[in-house]
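In: Got a sequence here, can you model it:
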Amino acid sequence: MFEGAGVAAVGGALSGLAGSAFSLAVPAAVIGAVHGGIAGSRRLYPWRRWQGVTAFVLDHTWALVTSTASLLSHAVAALSKDTSFLANLSERQSRHVYVGGFRMRSGFVVTLGNTVSGLADSGEHRLTLVTDHEDVHVWQARWFGPLYPVLYVAWMVSGAAVGLAVALAGGRRPVIKVVETYAYYANPFEWWAYSRQGSWPPSGAVAGVWRRPAVRSFNARRGTPPQR
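Out: I've put the predicted structure just below:
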């Protein structure tokens, strides 16, 4: 209870200060307080590690836009009967994780800000999906802040156009699959995340846009086989 109140107060103050630069101090402070209250009550941030403090500060300042978007995931989770919060993948790990909840597409997990939703279950096989893929998106949202959704959507739109042109010119592969590959899988943010997961190229991609992984996988660092 005390942590929730404290994080709400400090988060609201930080967000209000950030919002004041755009004459949005009051709404930003309210959003920051709500976001901080949820995070604090769930003991989200590992305060004794620099990553935890960094995550908290970014979530309530530079990445406030994506933190605001994460409240949509929390709202859907609160209203959904088939949703459960996974404390074992969330507490002191700087992210919220839900089984069920907000989804944009069946079979795909969605990460908005620091909130991961749409897991099919809580089994062990889901662990690396969260820690090695979705957590990359969580930190992408923090580092890129308000630029993240703009760049992500801009790539999807332009990638879809390029994919459609490639599909129509080639004529051998399903148009939808080629468009999906260029718009989604080839998106640099996804390329980065799938590479970290050790799953590049993904099984759903049908056209080789990026031939090699963007970065070294976490599995390679651990010395364990990649998860496909």
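In: where's residue 181 relative to residue 217, distance?
Out: For residue 181, the distance to residue 217 (CB to CB, to the nearest Å) stands at 20 Å. No exception for glycine: its C-beta is placed from N, CA and C like everyone else's.
In: who has more neighbours, these two?
Out: Per other CB atoms under 10 Å, whichever of residue 181 and residue 217 has more neighbours is residue 181, with 24 against 20.
In: need the longest helix for this structure.
Out: Longest helix in the chain, counting residues (DSSP state H): helix 147-170.
In: Restricting to C-alpha, output the following helix or strand past that helix in PDB.
Out: Sequence-wise, the next helix or strand downstream of helix 147-170 (DSSP states H and E) is helix 175-180. Taking C-alpha atoms only, helix 175-180 is exported to PDB below (Å, rounded to 0.1, in the frame of the first residue of the first chain):
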ATOM      1  CA  VAL A 175      -0.100 -11.400 -51.300                       C
ATOM      2  CA  ILE A 176      -1.200 -11.200 -47.700                       C
ATOM      3  CA  LYS A 177       1.800 -13.100 -46.400                       C
ATOM      4  CA  VAL A 178       4.300 -10.900 -48.400                       C
ATOM      5  CA  VAL A 179       2.600  -7.700 -47.200                       C
ATOM      6  CA  GLU A 180       2.700  -9.000 -43.600                       C
END
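In: what packs against helix 175-180?
Out: Here helix 175-180 touches helix 147-170, going by 3 or more CB pairs under 8 Å, 6 or more residues apart in numbering; DSSP states H and E.
In: Of all the residues in the helix it packs on, which ones are buried?
Out: By 16 or more other CB atoms under 10 Å, the buried positions in helix 147-170 come out as 148-149, 152, 155-156, 159-160, 162-164, 166-167.
In: residues contacting residue 207?
Out: By CB atoms under 8 Å, 6 or more residues apart in numbering, the contact list for residue 207 reads 163, 166, 173, 178, 181-182, 186.
In: do the same with residue 82
Out: By CB under 8 Å, 6+ apart, residue 82 lies in contact with residue 100.
In: From here on, call the first residue 44.
Out: With the count now opening at 44, the last piece we talked about shows up as residue 125.
In: hmm, back to that, check which helices and strands the longest helix of the chain sits against.
Out: Checked by 3+ CB pairs under 8 Å, 6+ apart, helix 190-213 has helix 107-122, helix 178-187, helix 218-223, helix 231-240 packed alongside it.
In: could you dump those helices to JSON lines with distance to residue 88 and mean neighbour count?
Out: What follows is these, written out as JSON lines (distance: least, CB to CB, whole Å; neighbours: other CB atoms under 10 Å):
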{"stretch": "helix 107-122", "distance to residue 88": "13", "mean neighbour count": "19"}
{"stretch": "helix 178-187", "distance to residue 88": "12", "mean neighbour count": "21"}
{"stretch": "helix 218-223", "distance to residue 88": "35", "mean neighbour count": "18"}
{"stretch": "helix 231-240", "distance to residue 88": "22", "mean neighbour count": "21"}
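In: would you turn these into a markdown table with mean pLDDT and distance to residue 57?
Out: Formatted as a markdown table, the helices and strands packed on helix 190-213 follow (pLDDT from 0 to 100; distance: least, CB to CB, whole Å):
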| stretch | mean pLDDT | distance to residue 57 |
| --- | --- | --- |
| helix 107-122 | 97 | 9 |
| helix 178-187 | 98 | 14 |
| helix 218-223 | 94 | 38 |
| helix 231-240 | 96 | 25 |
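In: least confident pick among the contacts of residue 250?
Out: On pLDDT alone, residue 216 ranks lowest of the contacts of residue 250, at 82.
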